[in-house]
Structure formats: C-alpha cells, structure tokens
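Peer 1: No sequence on hand, only this structure:
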C-alpha cells in the first residue's frame, strides 16, 4: 500500500487556524484565518509550488462563501506548477451537471491528469440557504447520490 499526501490552499486567507469565516467561525476574530495574511495569487502560488517541490501529490481547494472560487483559483495555479494535482471542492446543485462536466473537461485538457474532485454534499444550513439551496441535509445527500 502506498500513501499519497495533499496540502491545503487557504483561499480565504491564512493564519494558525484552518478555517475562518466559515464553519461557525466569524471573520475578523483575532487569530482566525482571513484576518492575518490575505490569500492573493502570489501567496497561493508560493504554497502550490512549495507543496509540489516537497512531494505532495495535490492540494485541496475549499468551497464556500468564505473563500475564493476553487475552479478559478486552481485554473490559475495550474499554470504556475508542473505536476501538482488540484482537489477542487464543489457542491452538487450549485453548478449544473453539464456545466460541471464541461469545466472538468476543460481543466483536464489544459492540465492533463491534474484535476481531482471533492464532491461536497453541503456545508452549514445557513450557508446553503445563502446560496439559494433550501434542501435538508438528507435531501442534499440524495441529490449527491443522483
């Protein structure tokens, strides 16, 4: 059995905490992510290149109202790296299936073999509603299964 390791792209900003402004942590909380180091493209490029140089297979790019868009961010970073894979988090129901397939095919064409998908059934209910998704958790899992 071989192990592969992935790193994390803090597309909402960086600090000593993993999440800030999402998952119940308010933005602007001292020490919370998003309040210490902004996630500009230069900084995210540094992280991606370092992960690649250190032998990580890929990087997880989160999804949510509290961070930058995972698809756009990773598309830009794919040009800045050579072999690093991008685990793009996305939520079924937010993007039409045919559009998601087209986005994935385009990504694969320009960065062959470097796209991985993290299907996120849903976050916190209040965040889902902010996106216009009023399904219950059980209904979201059924949608993901479909």
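Peer 2: Everything's here; your move. Model, not experiment: these values are computed from the prediction.
Peer 1: Over to residue 143. Which of the three states is it?
Peer 2: Of the three states, residue 143 takes helix according to DSSP: H, G, I helix; E, B strand; the rest coil.
Peer 1: Touching, it and residue 92? I think so.
Peer 2: Yes. The pair residue 143 / residue 92 is scored as a contact, 5.5 Å apart, by CB atoms under 8 Å. Heads up, the C-betas are built off the backbone N, CA and C, glycines and all.
Peer 1: who has more neighbours, the two?
Peer 2: Neighbour totals were compared for residue 143 and residue 92, and residue 92 leads with 19 against 15 (other CB atoms under 10 Å).
Peer 1: any residues in contact with both of residue 143 and residue 92?
Peer 2: Residues touching both residue 143 and residue 92 (CB atoms under 8 Å, 6 or more residues apart in numbering) are residue 121.
Peer 1: For the residue lying closest to residue 12 once chain neighbours are set aside, give its distance to residue 120.
Peer 2: Spatially, and ignoring its direct neighbours in sequence, residue 12 is nearest to residue 67 (3.9 Å; CB to CB, 6 or more residues apart in numbering). Distance of residue 67 to residue 120, given as CB to CB, to the nearest Å: 12 Å.
Peer 1: between the two, which one's more packed in?
Peer 2: residue 67 (23 against 17).
Peer 1: does the more buried one count as helix, strand or coil?
Peer 2: The three-state label given to residue 67 by three-state DSSP is coil.
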